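Q: Kindly generate the corresponding structure for this input.
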Amino acid sequence: MPSQKSFSIEVFPPKTPEAISELRKTRAQLAELSPKYFSITFGAGGSTQQGTHNIALEIQNEGYEAAPHITCIGSTREKVRERLNEYRSCGIRHIVALRGDLPSSYGVLGEFHYANELVEFIRAETGDWFRIDVAAYPEMHPQAKSMNDDINNFVRKVEAGADVAVTQYFYNASAYFRFMENVQAAGVSIPVIAGIMPITNYTQLARFSDMCGAEIPRWIRLRLESYGNDLASIRAFGLDVVTELCEQLLEGGAPGLHFYSLNRAAATKEIWKRLRLHERQERPVPVLDRELAGV
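A: Numbers count the residues shown, from 1 in each chain. Next up, the predicted model:
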């Protein structure tokens, strides 16, 4: 494995002017870490589609690499084609292609049913213009029939043209390494970046984990429960747990880490500092510098 690795950060589009302003401040703090790129989520059913677009353009205009999400849910080929053309015209060259979450009030998927169909369409429309990231699930997608079916679904996304995968967050390093063994045995060789969720709020984390199928190991859950409303202890324990997890992943060969920031900077910055990621980071070239160089 190369010694230099890729470290990146995810944010989500706020829904109020106040939250948008707050995200700009948070993003400025996170930008000090020189992440390789910022990804921007797409709400359930495409509910934050315009917000995703707006934040992506802001990030790109500030000279950082933006990787907006595009999902299948509620999308038509014409809508996706239009969005891809907009991103191309703005110089964005990085897309995260996902099936997406279906909100409870939503009745139809759209013209794309699975992420591999979306990846295939993006490749057919734009060739190699975009780096395409897809999702991976070390502990299995909650709607998959079996781990074998989930691996096969992942392989289809890679065969459709995915360049890189980013995992759902997890707290068992062994789950990531078993997943890598399985996909490599299936002939997959693209980089699989480990998704990292800092622990700052147990109630919120438990709710997220129940929805997405990410397991909170029993020993972690019991310790977090024991702290009750002591947020300082929860955050201190969470920093220790997640930092150790990241060390295990990097030492075991993970090609990088992708931090789910939840639009907050403190925990990600502290873990980044503890891991000395600035020394391991694959040097990102600012977008504006790449344009000047004609890259």
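
Q: buried set for the longest helix seen in the chain?
A: In terms of residue count, the longest helix belonging to the chain (DSSP state H) is helix 231-251. Using 16 or more other C-beta atoms under 10 Å as the test for burial, helix 231-251 gives 234-235, 237-239, 241-243, 245-246, 248-250. Every C-beta, even on glycine, is put in place using the N, C-alpha and C of the backbone.

Q: which other helices and strands contact the particular helix or strand that has residue 78 in it?
A: According to DSSP states H and E, residue 78 maps onto helix 77-89. Packing contacts for helix 77-89, counted by 3 or more C-beta pairs under 8 Å, 6 or more residues apart in numbering; DSSP states H and E, involve helix 49-61, strand 66-71, helix 115-126.

Q: Could you verify my assumption that residue 254 touches residue 176?
A: Yes: look at residue 254 against residue 176 with C-beta atoms under 8 Å: they come within range, at 6.8 Å.

Q: correct me, but residue 94 touches residue 66?
A: Yes: the pair residue 94 / residue 66 is scored as a contact, 6.9 Å apart, by C-beta under 8 Å.

Q: where do the contact lists of the two overlap?
A: Taking C-beta atoms under 8 Å, 6 or more residues apart in numbering as the contact rule, the neighbours common to residue 94 and residue 66 are residue 37.

Q: who's more crowded, these two?
A: Set side by side, residue 94 and residue 66 show more neighbours around residue 66, with 26 against 23, by other C-beta atoms under 10 Å.

Q: Please report how far that one lies from residue 33.
A: Using C-beta to C-beta, to the nearest Å, we find residue 66 at a distance of 16 Å from residue 33.

Q: re earlier: adding distance to residue 132, write the buried residues of helix 231-251 out as a markdown table.
A: A markdown table is the format used below for the buried residues of helix 231-251 (distance: C-beta to C-beta, whole Å):
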| residue | distance to residue 132 |
| --- | --- |
| 234 | 36 |
| 235 | 35 |
| 237 | 37 |
| 238 | 32 |
| 239 | 33 |
| 241 | 32 |
| 242 | 28 |
| 243 | 30 |
| 245 | 27 |
| 246 | 25 |
| 248 | 28 |
| 249 | 23 |
| 250 | 24 |
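
Q: Out of those, which is nearest to residue 279?
A: residue 250 (11.6 Å; C-beta to C-beta).

Q: From residue 228, how far out is the closest one?
A: On the measure of C-beta to C-beta, residue 250 and residue 228 end up 33 Å apart.

Q: Over to residue 222?
A: Distance from residue 222 to residue 228, by C-beta to C-beta: 12 Å.

Q: One more: residue 179?
A: In terms of C-beta to C-beta, residue 179 sits 34 Å off from residue 228.

Q: Please apply the same query to residue 160.
A: Applying C-beta to C-beta to residue 160 and residue 228 gives a distance of 47 Å.

Q: same deal with residue 24?
A: Look at residue 24 and residue 228: by C-beta to C-beta, they are 34 Å apart.

Q: Please say which of the two ends up with more neighbours.
A: When residue 24 and residue 228 are compared for neighbours, residue 24 comes out ahead with 13 against 10, by other C-beta under 10 Å.

Q: for the more buried one, helix, strand, or coil?
A: Following DSSP: H, G, I helix; E, B strand; the rest coil, we place residue 24 in the helix state.

Q: list the contacts for it?
A: Applying C-beta under 8 Å, 6+ apart, the residues contacting residue 24 are residue 58.

Q: Let me see the ranges of the strands in the stretch 101-250 of the chain.
A: Using DSSP state E, counting those that start in this stretch, the strands of the stretch 101-250 of the chain run over 131-136, 164-167, 192-196.
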